[in-house]
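1. Return atomic coordinates for the entry below.
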Amino acid sequence: MKIKKKNICIISAFYNEEENLEKFINNFDITRSKLLKMGYYINLILVNDGSTDKSVKIVKKKISSKKYVKLISLNKNYGQQIAIHVALKEIKADFYGALDSDCQQDSSLFIKMINLLKSNKLELLQMKKKYGNYEGVLKKFMSKFFYYIFSYLADIDIKSGSSDFYLFTNKVRNKIISSNISKFFLRGFIHWNKFRKAYLEYTPKKRSKGKSKYNFYRQLNFALTAMYLYGTKLFLKIFIFSIFLTILFIAYLIFKDYFFNPEITGLIKIKFITTFFGIINLLLSCTITLFIIKFKKNSSIKPRYKFEK
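-> Numbering: from 1, shown residues only. Model (predicted):
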């Protein structure tokens with residue numbers, strides 16, 4: 001009796017990666033041939049996230065004879081999270097993977113990942129990166145600081161070094177595509193849903209060509225999205241902190257009144273307190289406004305896309 005091969009579908013979104021895509025596809029082909037020998041059939045879904053360089057032209061030429069590679073193009077740049085969500089809606093397999101297209105994440109690791117996923121009866125395996133010596137001190141610090149703050153303000157604990165390098169089952173995929181694409185942050189989503197998961201450490205390769213697309217603005221937007229979706233404790237902690245500062249300020253005024261400035265009038269004290277409350281109110285209002293703007297922006301996301309190949 002012939003045993004049907006299990007199907008693995010790998011998703012990789014790209015944005016202006018013309019210098020890396022050919023190498024990325026070549027690396028994937030090597031991994032694919034090894035997985036075929038292990039009894040798996042593997043497909044690659046490339047998602048063009050609104051590239052403006054020659055990325056699409058290079059990909060089309062490279063995959064023209066490869067039936068196991070598909071190309072989806074989004075009408076503009078939505079970001080990696082949206083790109084993965086779109087691709088998952090359009091495919092069906094036994095297992096699903098995701099990795100970056102800049103060649104820093106080694107596709108050959110999927111061989112180890114599929115073995116671990118099956119042998120441990122996991123629903124999801126996430127790669128957790130070890131920072132290379134080539135990465136700057138500031139980048140390492142900011143990454144660790146973000147995850148520390150995020151874990152403090154949210155009800156979920158995302159490990160420092162977590163990446164969008166995954167392998168998961170149909171159960172996870174079905175949960176993802178049933179979620180609201182406008183409110184999608186994959187790293188938070190997989191922890192919120194309590195899947196049977198594990199981490200596997202890896203050291204990303206140094207980017208040999210091109211520049212990272214995660215500039216300060218994109219990183220800030222990424223952080224705001226995460227806080228907006230899962231920062232459930234944020235407003236409560238701002239409120240508690242505001243009350244604490246107010247009490248501390250009032251105590252300071254009383255202490256100053258009795259020991260250093262007894263002639264200060266009650267009217268001046270009221271003005272001080274009113275001003276302070278105004279500052280706290282402004283802080284809270286700005287935070288709420290920021291998240292309302294983020295909500296309105298996200299709630300209007302309806303990506304348009306087409307199959308190029």
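
2. is it fair to say Thr31 lies in a helix?
-> Yes - residue state for Thr31 (DSSP: H, G, I helix; E, B strand; the rest coil) corresponds to a helix.

3. Per-residue pLDDT of it, please?
-> On the pLDDT scale, Thr31 is placed at 97.

4. Now do the contacts for it.
-> By C-beta atoms under 8 Å, 6 or more residues apart in numbering, the contact set of Thr31 is Ile42, Ser107, Ser108, Phe110, Ile111. (C-beta placed from N, C-alpha, C; glycine too.)

5. Met38 versus that one, what's the distance?
-> Thr31 sits 11 Å away from Met38, going by C-beta to C-beta, to the nearest Å.

6. again, but for Asp106
-> Separation of Asp106 from Met38 (C-beta to C-beta) stands at 17 Å.

7. Comparing those two, which residue is more hemmed in?
-> Using other C-beta atoms under 10 Å as the criterion, Asp106 and Met38 rank with Asp106 on top: 16 against 12.

8. where does the stretch 151-300 of the chain dip in pLDDT?
-> Within the stretch 151-300 of the chain, the ranges that satisfy pLDDT under 70 run 151-157, 181-184, 212-243, 245-247, 249-250, 253-300.

9. go with 90
-> Scanning the stretch 151-300 of the chain for pLDDT under 90 picks out the ranges 151-164, 178-194, 203-300.

10. same check, this time on the stretch 1-150 of the chain
-> Looking at the stretch 1-150 of the chain by pLDDT under 90, you get 1-5, 77-82, 129-150.

11. hey, where'd the helices end up in it?
-> Residue ranges of the helices in the stretch 1-150 of the chain, as given by DSSP state H, counting those that start in this stretch, are 21-37, 55-63, 80-89, 109-119, 137-153.

12. Need the residues that contact the fourth one.
-> Counting by C-beta under 8 Å, 6+ apart, the neighbours of helix 109-119 from elsewhere in the structure are 8, 10, 31, 34-35, 38, 40, 42, 95, 97, 122, 124-125, 127, 165, 167-169, 198, 200, 202.

13. which of those residues count as buried?
-> 8, 10, 31, 35, 40, 42, 95, 97, 122, 124-125, 127, 165, 167-169, 202 (16 or more other C-beta atoms under 10 Å).

14. Tabulate the contacts of Thr31 (a markdown table), appending distance to Phe24.
-> Formatted as a markdown table, the contacts of Thr31 follow (distance: C-beta to C-beta, whole Å):
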| residue | distance to Phe24 |
| --- | --- |
| Ile42 | 14 |
| Ser107 | 8 |
| Ser108 | 12 |
| Phe110 | 13 |
| Ile111 | 17 |
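
15. Those residues: which two are farthest apart?
-> Using C-beta to C-beta, the pair of the contacts of Thr31 lying farthest apart is Ile42 and Ser108, separated by 12.0 Å.

16. right, and the helices of the stretch 1-150 of the chain - which one's nearest Phe185?
-> When the helices of the stretch 1-150 of the chain are compared by C-beta to C-beta, helix 80-89 sits nearest Phe185, at 6.1 Å.

17. And the closest one, what does it pack against?
-> Helices and strands touching helix 80-89, by 3 or more C-beta pairs under 8 Å, 6 or more residues apart in numbering; DSSP states H and E, are strand 6-14, strand 40-48, strand 69-74, strand 162-169, helix 170-177.

18. how about 6 Å then?
-> Counting contacts by 3 or more C-beta pairs under 6 Å, 6 or more residues apart in numbering; DSSP states H and E, helix 80-89 is packed against strand 6-14, strand 40-48, helix 170-177.

19. mind giving me TSV with these and columns for distance to Lys144?
-> Listed next are the helices and strands packed on helix 80-89 as TSV, based on distance: least, C-beta to C-beta, whole Å:
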stretch	distance to Lys144
strand 6-14	25
strand 40-48	29
helix 170-177	26
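
20. So for Val69, which of these sits nearest?
-> Of all these, strand 40-48 sits nearest to Val69, with 4.6 Å by C-beta to C-beta.

21. and Pro204, backbone torsions?
-> phi -60, psi 150 (degrees, to the nearest 10).

22. From Ser73, how far out is it?
-> For Pro204, the distance to Ser73 (C-beta to C-beta) stands at 27 Å.

23. pretty sure Lys5 is in contact with Asn43, am I right?
-> No - using C-beta atoms under 6 Å as the test, Lys5 is too far from Asn43 to be in contact (11.6 Å).
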